[in-house]
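>>> Provided below are the primary sequence and the corresponding predicted coordinates.
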Amino acid sequence: MAHSIPPAYYTSQELTTAEITKVFRSGWVGVGRADLVKEPGDFITLDFAGQNLILLRDESGHLQAHANSCRHRATRLVDGSGSCKRLRCPFHCWSYALDGKLIAAPRMQRATGFEKSDYGLVSYRAEERLGFAFVCLSEEATDIDSYHSYLTISIAIAGQKIAFAVDHSFSDKLLTAIWHRKTYHYIGIDKLILSCIPYTIVTAIYSELPTPDTLLQHKLKHHSISVAPNG
């Protein structure tokens, strides 16, 4: 009998909290196109998994992700998007370099034992792959290519066609269900998306449709990233 996703999936605060904790805060997650911040100094603010972030490109062209919060009194540093040479707190004018280091803290030289090197912005790992920006809030997660499993994003960049064996825990029934689900989506918006992006990235594949209870009990059967060529 056909069925759709239960309404609780959209309204359950418990499920939302579990998703934030077990998916968005536990590993590497795509936050958008890397060209949102094209040039050194470009930044955009993100409210991501309960964390206010600044995604920016530093002077060497690398992506950086910092907490959008001054280390002095936790004032929000910037809003929206733009370009800057440094990040300056509007409250007490503490200033930070694009890499997050504290470079100015007016009058704090009077504070005993104060060292600017101890008060840089809280920073998170950020990487660029396939033209997309990825951020990781977890200190325990591995590097991005290891985290995203046996078909790495770097392989996808090379455009190689990879033949691989499907894990034995995947049944034919499951693969058929995934195929039909994806081809159904392809009728509409996915067709437009896939015409622009050369690879489909599929994450968090479950061996059965999880309920809020089973998700909270961590009965995730398979969680990896698979990269399949378009077409």
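Looks like it arrived, so ask away. What you are looking at is a predicted structure, and each value in this text was computed from that prediction instead of being measured. Residues are numbered from 1 along each chain as shown.

>>> what are the bridge partners for residue 129, then?
The partner list for residue 129 in beta bridges (DSSP bridges) reads residue 132.

>>> residues near residue 96, how many?
24 (other Cβ atoms under 10 Å). No exception for glycine: its C-beta is placed from N, CA and C like everyone else's.

>>> how close does it sit to residue 82?
15 Å (Cβ to Cβ, to the nearest Å).

>>> got it, and residue 31?
Relative to residue 82, residue 31 is positioned 17 Å away (criterion: Cβ to Cβ).

>>> more neighbours, these two?
A direct count of neighbours by other Cβ under 10 Å for residue 31 and residue 82 places residue 31 higher, at 21 against 12.

>>> Which of the three states applies to the more buried one?
Using DSSP: H, G, I helix; E, B strand; the rest coil, the structure places residue 31 in strand.

>>> pretty sure it is touching residue 49, no?
No: here residue 31 lies out of contact with residue 49, judged by Cβ atoms under 8 Å, at a distance of 9.8 Å.

>>> same question for stretch 22-38, mean pLDDT?
Stretch 22-38 carries an average pLDDT of 91.

>>> Could you find the closest non-adjacent residue to residue 108?
When the adjacent residues along the chain are set aside, residue 108 lies closest to residue 114, with 5.0 Å between them (Cβ to Cβ, 6 or more residues apart in numbering).

>>> do residue 104 as well
Spatial nearest neighbour of residue 104, excluding adjacent residues (Cβ to Cβ, 6+ apart): residue 95 at 4.0 Å.

>>> ok, that neighbour to residue 3 distance?
Counting by Cβ to Cβ, the separation of residue 95 from residue 3 is 55 Å.

>>> if you count what's nearby, which of those two comes out ahead?
Neighbour tally, residue 95 and residue 3, criterion other Cβ under 10 Å: the higher count belongs to residue 95, 17 against 6.

>>> Distance check, the more buried one against residue 2.
For residue 95, the distance to residue 2 under the criterion Cβ to Cβ works out to 58 Å.
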